[in-house]
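Engineer: Everything below, folded, please.
(chains A and B)
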Amino acid sequence: MDLVTPGFGLVFWTVITFLILLFILKKFAWKPILGAVSSREESIKDALAAAEAARREMENLQADNEKILQEARNERELMMKEARDIKVKMIADAREEAKFTTEKMILQAQEAIQSEKKAAVAELKNQVATLSLEIAEKVVKHELSNKDQQEKLVQEMLGKATLN
Amino acid sequence: MNLRAFRTLFLGLLLITFSVVKAEPANSEQKEEKKFDPKELIMHHVKDAYTFHIIDIYDKSYSIPLPVILWTENGLTTFMSSAFHHDYHGKEVVEKNGGRFVNFHEKIYQLEDGAITLEIGADEKPFNAHKPLDISITRNVFMMWVSMLVLFIIFIGAARKYKKSENFVPKGIASFVEPLVLFIRDEIAIPMIGEKKHKRYMPYLLTVFFFIWLNNIFGLIPIINGANLTGNIAFTMTLALFTFIITTVSGNKNYWKHIFWMPGVPVPMKIFLMPIEIIGMFTKPISLMIRLFANITAGHIIVLALMSLIFIFNSIAVAPISVAFSLFIIVIEIVVTAIQAYIFTILSALYFGMATEEHEHH
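Structural biologist: Down below sits the predicted model:
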């Protein structure tokens, strides 16, 4: 039947047309379109990979930050503890020192008081001795002028001296 | 004449303009004496023609004459198809370059030397004429070139959009084209051929898909009725031949081994399978050829047959039913245009995939 008999003319023109179509579309349409699509896909893939890398970087940074923070916290804790210890020690030392100094001072003061006292007593004794001698001299001088009186005085003095 | 009236009506009905339908009875009554032959009408519609017929208005035929190119014993002979004055019954004889030519049912015959008119034998075949080598620009060739032009405009335009846009973002026509191109790549080429080798076959698959699809669509447009390129066996045969050649050329060792010496089966089986596989090599492209041709032609024939019912019953009352049914078929045909283009492309891709397959399955 005529319908299913391929005509030569149409086969001829189809071959030519199709080859022209294929080569021109390949060169000017399919290559640019597919190239654009694949480079876009590539860039999207790259962008996604970069985003993923950035995210991981972020995570790492965060982990690092956390670590650093923890370290800092620990250090602070340590420093605080040290400071507290130092404080306590300082206070104790100061107290010790103060106590020591005070005691020393007290001791020195006591010693000074003692020596002052001794000196004072010695001076007093000297003065008393001098005064006694002066009195005695005056008395002797006075008594020697009057016999009775001398006697009476010696008696009195003697009486008093024994009472002392 | 009746055919022309019918065509007017056919167009009118397709556009569902009832004014045309009302004018119809008077028009057909005039030519009632001539018997309506649906077979002739349908065959003329489905087959190729030498003029690009557009419309008939009151017995005046509007058509684009196309060049007739023949290779005769006197060398290249060319003339415009308008020389036949719309005759295709072999009555109008054109004398050119020392030969006499007639158009008999849209085939050019050269009369034998000395003959003046075409004589038709008892078997309805020309008696005193032979067919010269005919490479005329028929309406199918014309539509093929129109479709080529349309494809150039669409796809080269789309490709240029990419160059202009930043980051290769599709814009305009490119955003319409890109999903289709990606569909061919991701749903046809990569699954059938594989990630590694599909790139080589992409231009062919894309070109074949859009070429077939666009021409399928053109076949459905009423005003260019009869441009039934994809329903022409010469066209489908040529495309199937391309697929066959590419498959055969790109066939690797593994492919040929599967044809001539099937691995993994006993020797008697190998011998038994060899002729089957060799036949299979050829049945694949032949099935491609017949499938596309038959589907598209069948669609056209159904629509035309439904329309012919009006004239077979010779009643306007049949018209609504015919219109409704043919509208239904045309809607299905719109889907078929894409499906057949898809099937042709996916099967071509499948054959390329089989030809380039590396690993053993058996």
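
Engineer: Give me every residue in chain A that's in contact range of chain B.
Structural biologist: Within chain A, the residues that sit near chain B (CB under 8 Å from any CB of the partner chain) are A:2-15, A:17-18, A:20-22, A:24-26, A:28-34, A:36-37, A:39-40, A:43. C-beta: built from backbone N, CA, C; applies to glycine.

Engineer: where are the low-confidence patches of chain A?
Structural biologist: Along chain A, segments meeting pLDDT under 70 span A:1, A:142-144, A:162-164.

Engineer: So what's the gap between the helix ranked longest in it and the chain middle?
Structural biologist: As assigned by DSSP state H, the longest helix anywhere in chain A is helix A:31-143. Here helix A:31-143 is found 9 Å from its chain centre; the criterion is CA atoms, centre = their mean, to the nearest Å.

Engineer: for stretch B:246-259, same thing?
Structural biologist: 30 Å.

Engineer: In PDB, please show the C-alpha coordinates belonging to that stretch.
Structural biologist: The C-alpha trace of stretch B:246-259 is given here as PDB (Å, rounded to 0.1, in the frame of the first residue of the first chain):
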ATOM      1  CA  ILE B 246      24.200   5.100  16.200                       C
ATOM      2  CA  THR B 247      23.400   1.900  18.200                       C
ATOM      3  CA  THR B 248      25.500  -0.200  15.700                       C
ATOM      4  CA  VAL B 249      28.400   2.200  15.600                       C
ATOM      5  CA  SER B 250      28.600   2.600  19.400                       C
ATOM      6  CA  GLY B 251      28.200  -1.100  20.100                       C
ATOM      7  CA  ASN B 252      31.100  -2.400  22.200                       C
ATOM      8  CA  LYS B 253      32.600  -5.800  22.500                       C
ATOM      9  CA  ASN B 254      30.100  -6.800  25.200                       C
ATOM     10  CA  TYR B 255      27.100  -5.900  22.900                       C
ATOM     11  CA  TRP B 256      28.400  -7.900  20.000                       C
ATOM     12  CA  LYS B 257      29.200 -10.800  22.200                       C
ATOM     13  CA  HIS B 258      25.600 -10.800  23.500                       C
ATOM     14  CA  ILE B 259      24.400 -11.000  19.900                       C
END
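
Engineer: near chain A at all, that stretch?
Structural biologist: No: using CB under 8 Å from any CB, stretch B:246-259 stays clear of chain A, with a minimum separation of 10.7 Å.

Engineer: Which helix or which strand is home to B:Lys196?
Structural biologist: Here B:Lys196 sits in a region with no helix or strand, counting by DSSP states H and E.

Engineer: actually A:Pro6, not the one I wrote
Structural biologist: With DSSP H and E as criterion, A:Pro6 is part of no helix or strand.

Engineer: residues touching it, list them.
Structural biologist: B:Asn232, B:Ile233, B:Ala234, B:Met237 (CB atoms under 8 Å, 6 or more residues apart in numbering or on different chains).

Engineer: For the residues you listed, please prepare TSV with the additional fields distance to chain A and pLDDT.
Structural biologist: Formatted as TSV, those follow (distance: CB to the nearest CB, whole Å; pLDDT from 0 to 100):
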residue	distance to chain A	pLDDT
B:Asn232	6	90
B:Ile233	5	92
B:Ala234	4	93
B:Met237	5	95
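
Engineer: who wins for most neighbours among those residues?
Structural biologist: Comparing the contacts of A:Pro6 on neighbour count, B:Asn232 comes out first with 29 neighbours (neighbours: other CB atoms under 10 Å in any protein chain shown).

Engineer: hang on, that residue packs against B:Ala49?
Structural biologist: No: look at B:Asn232 against B:Ala49 with CB atoms under 8 Å: they stay out of range, at 11.1 Å.

Engineer: quick one on the thing from earlier: closest one to A:Ser132 out of the contacts of A:Pro6, please.
Structural biologist: Using CB to CB, B:Met237 comes nearest to A:Ser132 of these, at 167.6 Å.

Engineer: could you measure the closest one against A:Phe18, distance?
Structural biologist: 12 Å (CB to CB, to the nearest Å).

Engineer: right, and B:Val265 touches B:Leu273 too?
Structural biologist: Yes: shown here, B:Val265 and B:Leu273 form a contact pair, counting by CB under 8 Å, at 6.9 Å.

Engineer: Give the rounded mean pLDDT of the helix or strand containing B:Gly157.
Structural biologist: Remark: B:Gly157 resides in helix B:139-164, with elements defined by DSSP H and E. Computed over helix B:139-164, the mean pLDDT rounds to 90.

Engineer: and it, what does it pack onto?
Structural biologist: helix A:8-25, helix A:31-143, strand B:51-57, helix B:173-183, helix B:198-218 (3 or more CB pairs under 8 Å, 6 or more residues apart in numbering or on different chains; DSSP states H and E).

Engineer: so how far is it from its chain's centroid?
Structural biologist: 18 Å.

Engineer: how about it: buried residues?
Structural biologist: Going by neighbour count (16 or more other CB atoms under 10 Å in any protein chain shown), the buried part of helix B:139-164 is B:139-144, B:146-148, B:151-152, B:154-156, B:158-162.

Engineer: domain parsing for chain B?
Structural biologist: Recorded structural domains for chain B (assignment: automatic domain parsing) are B:2-64, B:67-136, B:140-356.

Engineer: Worst mean pLDDT across the helices and strands of chain B, which element?
Structural biologist: Within chain B, no helix or strand scores below helix B:18-30, which has a mean of 38 by mean pLDDT, DSSP states H and E.

Engineer: Next secondary structure after it?
Structural biologist: helix B:38-46.

Engineer: list the helices and strands that following helix packs on?
Structural biologist: Here helix B:38-46 touches helix B:2-14, helix B:267-313, going by 3+ CB pairs under 8 Å, 6+ apart.

Engineer: Can I get those in CSV including distance to chain A, mean pLDDT and mean neighbour count?
Structural biologist: Converted to CSV, the helices and strands packed on helix B:38-46 look like this (distance: least, CB to the nearest CB, whole Å; pLDDT from 0 to 100; neighbours: other CB atoms under 10 Å in any protein chain shown):
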stretch, distance to chain A, mean pLDDT, mean neighbour count
helix B:2-14, 17, 53, 20
helix B:267-313, 7, 91, 17
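
Engineer: so can I have JSON lines of the ones you listed showing distance to A:Asn65?
Structural biologist: Below are the helices and strands packed on helix B:38-46 laid out as JSON lines (distance: least, CB to CB, whole Å):
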{"stretch": "helix B:2-14", "distance to A:Asn65": "74"}
{"stretch": "helix B:267-313", "distance to A:Asn65": "65"}
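
Engineer: Among these, which comes closest to B:Phe210?
Structural biologist: helix B:267-313 (14.3 Å).

Engineer: after the closest one, next one along is what?
Structural biologist: Next along from helix B:267-313, by DSSP H and E: helix B:319-356.

Engineer: And that following helix, what does it pack against?
Structural biologist: Partner elements for helix B:319-356 (3+ CB pairs under 8 Å, 6+ apart): helix B:2-14, helix B:190-193, helix B:198-218, helix B:233-250, helix B:253-260, helix B:267-313.

Engineer: ok, and for it, which residues are buried?
Structural biologist: Of the residues in helix B:319-356, those buried under the neighbour-count criterion (16+ other CB under 10 Å) are B:319, B:322-323, B:325-326, B:329-330, B:333, B:336-337, B:340-356.
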